[in-house]
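fold the following and give me the result.
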Amino acid sequence: MEKQYHDYMVRALAAKEQIRAFAVTSKDAVEYARSLHHSSPLSTAALGRLLSAGLMMGDMMKSEDDLVTLQLMGDGPLKHVLVTADYTGKVKGYVSNPNVYLPNKENGHLDIASGIGKGTLTVIRDYHMKEPYSSTIDLVSGEIAEDLTYYFAQSEQTPSSVGLGVLVNPDETVECAGGFIVQLMPFTSEEVIDQLQRNIDEFTSVTDVLKQGKTPEELLEIILKGFDIQFTGKKDVYFSCNCSQERGKQVISTLGSAEIRKMVEEGKDIEAECVFCGKKYKYTPEELEEILKELNENAAD
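Numbers count the residues shown, from 1 in each chain. Predicted coordinates:
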């Protein structure tokens, strides 16, 4: 039975529709991900930030079947962090090295930038057309929120401010998690831009706000202080993996005929584990033979 969550996300317009904004609280989703991956505080924080970003960017999509994937590839010990979200509020993700421990920064915060290191951020938007839209930028800080702010400016030409945060308890569970994305429309006035910049400069942090028990609506009211705010949407969000026995076969098929033939000849069951949720699926030599047969038939077409 899938766990029930209390996380949710809101979207809003402000300053006579010159600003659009999103905010999310994602504590339960991030805690569930932590429990699945048995991740360290550093790994939990990195994955949690990207999960929150994925949820909000999923809400920017157009239909229920659309997907957005965020991929961080770095030379730091975390190596690879990947998140996929959809328009309905579902998200899943993993970090390739969930057991990274590094010294905290001088201010006592987790050193996510060192965990990720130098590398790239890739955003893939799949609208189920011929080819997904993909854009890759070099990381500017490894702090994730700053990198996404840069991504929106460079790849989507949308001036944005992104705030993300995960606060981890001494017992390594998640105390709070969430974030916001605020974006300017092309016709935004200088006066509105200046006021918004002052608000952002005065803002402390996402975790400072959320640990006080404030809601996503209240978070946006702080960021958008002085503006009229119209909340235009609200939805529950949660960690959800759609892996299955059949999807596992599709993954096995990507190994290629030669590798699958080798597994068939060994005559043993193989076990595949989902990287997102850890569920395991077994495949018999007969099932592998079926996968191989289908591959060869497709190749002959």
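
would you agree V81 falls within a helix?
No. Applying DSSP: H, G, I helix; E, B strand; the rest coil, one finds V81 to be strand, outside a helix.

name the helices or strands packed onto the helix or strand hosting L36?
In the assignment (DSSP states H and E), L36 maps to helix 27-37. Under the contact criterion of 3 or more Cβ pairs under 8 Å, 6 or more residues apart in numbering; DSSP states H and E, helix 27-37 touches helix 41-58, strand 90-95, strand 174-184, strand 238-239. Bear in mind the C-beta positions are built from the backbone N, C-alpha and C, glycine included.

and that helix, how far from the chain's centre?
13 Å (Cα atoms, centre = their mean, to the nearest Å).

mean confidence score for that helix?
Per-residue pLDDT over helix 27-37 has a mean of 97.

that older thread, so of the helices and strands packed on helix 27-37, which one's packed in deepest?
helix 41-58 (a mean of 28; mean count of other Cβ atoms under 10 Å).

what sits up against the worst-scoring helix or strand of the chain on mean pLDDT?
Lowest on mean pLDDT, DSSP states H and E among the helices and strands of the chain sits helix 285-300, with a mean of 84. Identification of contacts with helix 285-300 by Cβ atoms under 8 Å, 6 or more residues apart in numbering yields 249, 252-253, 256-257, 260-261, 263-264, 266-270, 283.

any idea of the angle the helix holding L36 forms with strand 90-95?
40 degrees (axes from the mean of the first three to the mean of the last three Cα atoms, to 10 degrees).

okay, buried residues for helix 27-37 please.
Using 16 or more other Cβ atoms under 10 Å as the test for burial, helix 27-37 gives K27, D28, A29, V30, E31, Y32, A33, R34, L36, H37.

looking at it, the third one is touching L51, isn't it?
When you say that, I think you mean A29. Yes. Shown here, A29 and L51 form a contact pair, counting by Cβ atoms under 8 Å, at 5.9 Å.

mind listing the shared neighbours of these two?
V91, A177, F239.

and those residues, which is closest to F187?
Using Cβ to Cβ, V91 comes nearest to F187 of those, at 31.8 Å.

burial check on the nearest residue to the closest one once chain neighbours are set aside, number of neighbours?
Nearest residue to V91, sequence neighbours excluded (Cβ to Cβ, 6 or more residues apart in numbering): A85, at 4.1 Å. Number of residues near A85 (other Cβ atoms under 10 Å) recorded here: 29.

ok, E290 next?
Residues near E290, counting by other Cβ under 10 Å: 13.

any idea how far it is from Y283?
Counting by Cβ to Cβ, to the nearest Å, the separation of E290 from Y283 is 9 Å.

the strands in the stretch 201-301 of the chain, which residues?
Under the criterion DSSP state E, counting those that start in this stretch, strands of the stretch 201-301 of the chain are mapped to 229-236, 238-239, 270-273, 280-283.

among those strands, which is the most enclosed?
strand 238-239 (a mean of 23).

need the residues that contact that one.
With Cβ under 8 Å, 6+ apart, strand 238-239 has contacts from 3, 5, 7, 28-29, 32-33, 36, 51, 89-93.

sorry, back to before: what's the pLDDT at the residue nearest to V91?
A85 is given a pLDDT of 97.

mind giving me the packing neighbours of the helix or strand harbouring it?
Using DSSP H and E, A85 maps to strand 80-86. With contacts taken as 3+ Cβ pairs under 8 Å, 6+ apart, strand 80-86 sits against helix 41-58, strand 67-74, strand 90-95.

so for Q71, which of the strands of the stretch 201-301 of the chain sits nearest?
Here strand 238-239 is closest among those (Cβ to Cβ), at 17.5 Å.

to L196, which of the helices and strands packed on strand 80-86 lies closest?
Of the helices and strands packed on strand 80-86, the one closest to L196 (Cβ to Cβ) turns out to be helix 41-58, at 17.4 Å.

pLDDT (mean, whole number) over the closest one?
For helix 41-58, the per-residue pLDDT averages 98.

quick one, it and strand 67-74 angle?
Using the same axes, to 10 degrees: helix 41-58 against strand 67-74 is 150 degrees.

spatially nearest residue to G233 (excluding sequence neighbours)?
Closest to G233 by Cβ to Cβ, 6+ apart is R11, at 4.3 Å.

give me the number of residues near that neighbour?
21.

helix, strand, or coil at it?
strand.

list just the nearest of the shared contacts of A29 and L51 to S155.
V91 (20.8 Å).

surely that closest one meets M57?
No. Taking Cβ under 8 Å as the definition, V91 is not a contact partner of M57, at 9.9 Å.

list the contacts for Y281?
Applying Cβ under 8 Å, 6+ apart, the residues near Y281 are C243, S244, Q245, G248, E271, A272, E273, C274.
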